[in-house]
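Engineer: Build me a model from this:
(one chain, ligands or ions: 1)
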Amino acid sequence: MLRPWQISLGERLDPARATPIYMQIIQALIRDIESGRLVSGTFLPSSRELAAILGVNRKTVVLAYEDLIAQGWLVSAGTRGTMVSTSLPESTRADAPLPEGCAVEADYEFLAPPVRPLAIPAGSALKLDEGAPDGRLFPAAILTRAYRTAINRASRENRLQYRDPRGSPKLREAIATMLKVQRGLPVTAENICITRGSQNGIFLASQVLVRPGDAVIVEHLTYEPAVAAFRARGAKIIPVRLDGDGIDVEAVETAARRHAVRAVFLTPHHQFPTTVALRPERRLRLLDLSRQFGFALIEDDYDHEFHFETQPLLPMAAYAPRQVIYVGSLSKLLLPTLRIGYLVAPPPVVDAVAHYVSLTDGMGNTLTEDTAAELIANGELRRHARKVHQIYAERRETFARELDRAFGGRVHYRMPDGGLAFWLRFDDDLDRIEERISAAGLSFASSRSFMTSNEAERGLRVGFASLDAKEARAAIEALRTAAFG
Ligand SMILES: Cc1ncc(COP(=O)(O)O)c(C=O)c1O
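Structural biologist: Numbering: from 1, shown residues only. From the prediction side, this is the model:
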């Protein structure tokens with residue numbers, strides 16, 4: 001009866017650990033009693049027996065037993081030996097031994113996430129992303145050097161400490177300058193809160209804008225994780241039509257007349273997923289509506305840097321800083337793993353956002369933020385931006401050629417002016433096509449993951465930037481074979 005327990009106790013003792021063996025025995029016994037592996041009333045082996053089993057000095061076991069008796073875990077039953085105290089509460093797990101690895105279930109209630117249409121099904125060799133950058137293009141050595149510099153400087157200046165939840169001052173300054181000079185935003189560092197990517201920026205914006213039951217307008221094709229963030233806040237999601245010029249502003253007005261709209265979420269520069277740009281006259285009309293109905297515009301400019309045709313339009317935040325919460329990211333420009341984004345708003349809003357940062361993770365990862373500031377200051381980010389812009393421009397052309405070659409007229413797309421993805425539409429039944437692509441083991445974002453309304457036009461969003469020419473050809477060939485045989 002005791003055998004399995006004795007053996008597992010022995011396995012858990014490690015003489016190499018700093019903790020003395022008698023203490024390790026105490027800890028292991030307590031854990032076993034707490035977990036129900038050792039139930040009340042169980043007799044333990046005599047100190048001599050256990051010492052022999054464990055290969056330790058008998059005095060070590062005596063010391064452990066004495067301590068556990070003093071603590072009340074064990075009781076001495078005279079000549080019959082030592083047993084687990086009977087005055088302990090009975091463990092509900094007494095007959096269910098715990099697995100050795102991680103706990104598999106919780107005994108308490110928790111709020112499970114809602115079922116979401118999975119953007120990226122797991123378990124595939126070939127992945128078609130939604131517009132990810134190519135992480136291989138940023139040299140690891142440059143990143144390592146920048147981290148080293150940032151860490152050494154922070155150490156010298158006693159900044160390896162709890163810091164401002166709005167983020168590294170150096171990075172806030174650098175981002176403010178970049179936004180002012182390159183995108184025309186009227187900002188200083190006081191307008192910036194560094195976030196963990198733009199997704200975190202969207203989530204934080206939802207915290208300060210939305211109360212449960214408030215309405216949030218989104219396009220009927222949009223970025224699902226943003227919608228999920230608003231839903232998590234208790235928002236009522238109002239889908240609005242979208243066409244080749246962006247969101248239908250008349251439909252926004254109609255919705256704003258019917259509902260208490262707190263925010264409109266948009267990707268005006270490169271609409272997600274369709275890639276179209278929001279026309280200037282619609283931008284101005286939206287700003288009028290925002291003033292009239294008092295809602296905020298959340299402008300998600302997730303891949304601003306990559307625009308290949310025409311002059312990019314200025315972000316809406318450049319001319320309407322009081323209406324717009326602007327969200328950006330270094331994920332596409334640099335690396336998604338760094339988890340660096342930024343939220344731009346008037347200082348009182350930034351302070352409110354920072355309050356939520358302090359609630360969720362105290363502060364950001366300021367060492368990584370200092371590292372990004374270093375990459376901006378030493379010019380490496382600018383060099384990288386120039387390099388990848390050229391590479392991605394070529395990859396966009398290659399991808400289009402490969403699409404035409406493989407699919408001919410069976411796929412429809414408009415060459416994207418910017419961004420890192422194509423929006424593909426098919427004449428054939430997309431449900432069947434997607435089923436076949438999944439069955440072929442290709443991972444991709446399902447068309448339904450973009451849809452907030454069944455009336456939306458369906459399509460697939462496929463990124464081109466993370467694939468070199470050979471990989472693009474293989475991916476497109478695999479897509480075509482899966483879809484059409
Ligand atoms: C439209 C859009 N918004 C936000 C994000 C989130 O990116 P990140 O949090 O890495 O900045 C993405 C990522 O692909 C995106 O496509």
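
Engineer: Would you check that Ala205 makes contact with Val327?
Structural biologist: Yes. Using CB atoms under 8 Å, Ala205 makes contact with Val327 at a distance of 6.7 Å. All C-beta atoms are positioned from the backbone trio N, CA, C, and that covers glycine.

Engineer: intersection of neighbour lists for the two?
Structural biologist: Counting by CB atoms under 8 Å, 6 or more residues apart in numbering, the contacts common to Ala205 and Val327 are 298, 343.

Engineer: Which one's more surrounded, these two?
Structural biologist: When Ala205 and Val327 are compared for neighbours, Ala205 comes out ahead with 32 against 29, by other CB atoms under 10 Å.

Engineer: Now the residue of the chain found nearest the ligand. Nearest residue, chain neighbours left out?
Structural biologist: Minimum separation of the chain from the ligand (CB to the nearest ligand atom) falls at Gly197, amounting to 2.5 Å. For Gly197, ignoring the flanking residues on the chain, the nearest one in space by CB to CB, 6 or more residues apart in numbering is Gly341 at 4.3 Å.

Engineer: for stretch 239-259, how far is the first residue from the last?
Structural biologist: 12 Å (CA to CA, to the nearest Å).

Engineer: mind checking how far it is from the chain centre?
Structural biologist: 29 Å (CA atoms, centre = their mean, to the nearest Å).

Engineer: Quick one: mean pLDDT for that stretch?
Structural biologist: The average pLDDT within stretch 239-259 is 97.

Engineer: List the contacts of that stretch.
Structural biologist: 215, 217-221, 236, 238, 261, 264, 266, 268, 271, 274, 276-279, 282, 285-286, 289, 292-293, 295, 452-453, 455-456.

Engineer: now do 6 Å
Structural biologist: The list of residues contacting stretch 239-259 from outside it, by CB atoms under 6 Å, 6 or more residues apart in numbering, reads 215, 217, 219-221, 238, 276, 278-279, 282, 285-286, 289, 293, 452-453.

Engineer: Now the residue nearest to Gly197, what are its backbone angles?
Structural biologist: phi -140, psi -170 (degrees, to the nearest 10).

Engineer: right, and it touches Ser329 too?
Structural biologist: Yes. Counting by CB atoms under 6 Å, Ser329 is a contact partner of Gly341 at 4.0 Å.

Engineer: joint contacts of these two?
Structural biologist: By CB under 6 Å, 6+ apart, the residues touching both Gly341 and Ser329 are 197-198.

Engineer: ranges for the helices of the stretch 101-250 of the chain?
Structural biologist: Taking DSSP state H, counting those that start in this stretch, the helices of the stretch 101-250 of the chain run over residues 140-156, 169-183, 197-209, 224-232, 249-258.

Engineer: How about the stretch 251-400 of the chain?
Structural biologist: 280-293, 347-360, 366-377, 380-407.

Engineer: Which strands or helices does the third one pack on?
Structural biologist: Packed against helix 366-377, as judged by 3 or more CB pairs under 6 Å, 6 or more residues apart in numbering; DSSP states H and E, are the following elements: helix 140-156, helix 169-183.

Engineer: what do you get for the first one?
Structural biologist: Helices and strands touching helix 280-293, by 3+ CB pairs under 6 Å, 6+ apart, are helix 249-258.

Engineer: Run the angle between the helix it packs on and helix 280-293 for me.
Structural biologist: The directions of helix 249-258 and helix 280-293 differ by 10 degrees, with axes from the mean of the first three to the mean of the last three CA atoms, to 10 degrees as the criterion.

Engineer: Just the buried residues of helix 249-258, please?
Structural biologist: 249, 251-253, 255-256 (16 or more other CB atoms under 10 Å).

Engineer: What of stretch 380-387?
Structural biologist: Under the neighbour-count criterion of 16+ other CB under 10 Å, stretch 380-387 has 380-381, 384 buried.

Engineer: Stretch 273-288 too?
Structural biologist: 273-279, 282-283, 285-287.

Engineer: Got the domain ranges for this structure?
Structural biologist: Here the domain parsing of the chain from automatic domain parsing is 3-84, 126-134+383-484, 150-378.

Engineer: which one of these is the most hemmed in?
Structural biologist: domain 150-378 (a mean of 20; mean count of other CB atoms under 10 Å).

Engineer: got the end-to-end distance for that one?
Structural biologist: 12 Å.

Engineer: picking up where we left off before, adding distance to the ligand and mean pLDDT, write the helices of the stretch 251-400 of the chain out as a markdown table.
Structural biologist: Below are these laid out as a markdown table (distance: least, CB to the nearest ligand atom, whole Å; pLDDT from 0 to 100):
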| stretch | distance to the ligand | mean pLDDT |
| --- | --- | --- |
| helix 280-293 | 17 | 95 |
| helix 347-360 | 15 | 96 |
| helix 366-377 | 13 | 97 |
| helix 380-407 | 15 | 96 |
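
Engineer: Adding distance to Leu128, write those out as TSV.
Structural biologist: Converted to TSV, the helices of the stretch 251-400 of the chain look like this (distance: least, CB to CB, whole Å):
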stretch	distance to Leu128
helix 280-293	30
helix 347-360	32
helix 366-377	28
helix 380-407	11
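
Engineer: so which of those helices comes closest to Ala320?
Structural biologist: helix 280-293 (4.9 Å; CB to CB).

Engineer: Tell me the gap between that closest one and the middle of its chain.
Structural biologist: The answer for helix 280-293 is 31 Å, by CA atoms, centre = their mean.

Engineer: Next one, pLDDT for Leu313 please.
Structural biologist: Predicted confidence (pLDDT) for Leu313: 87.
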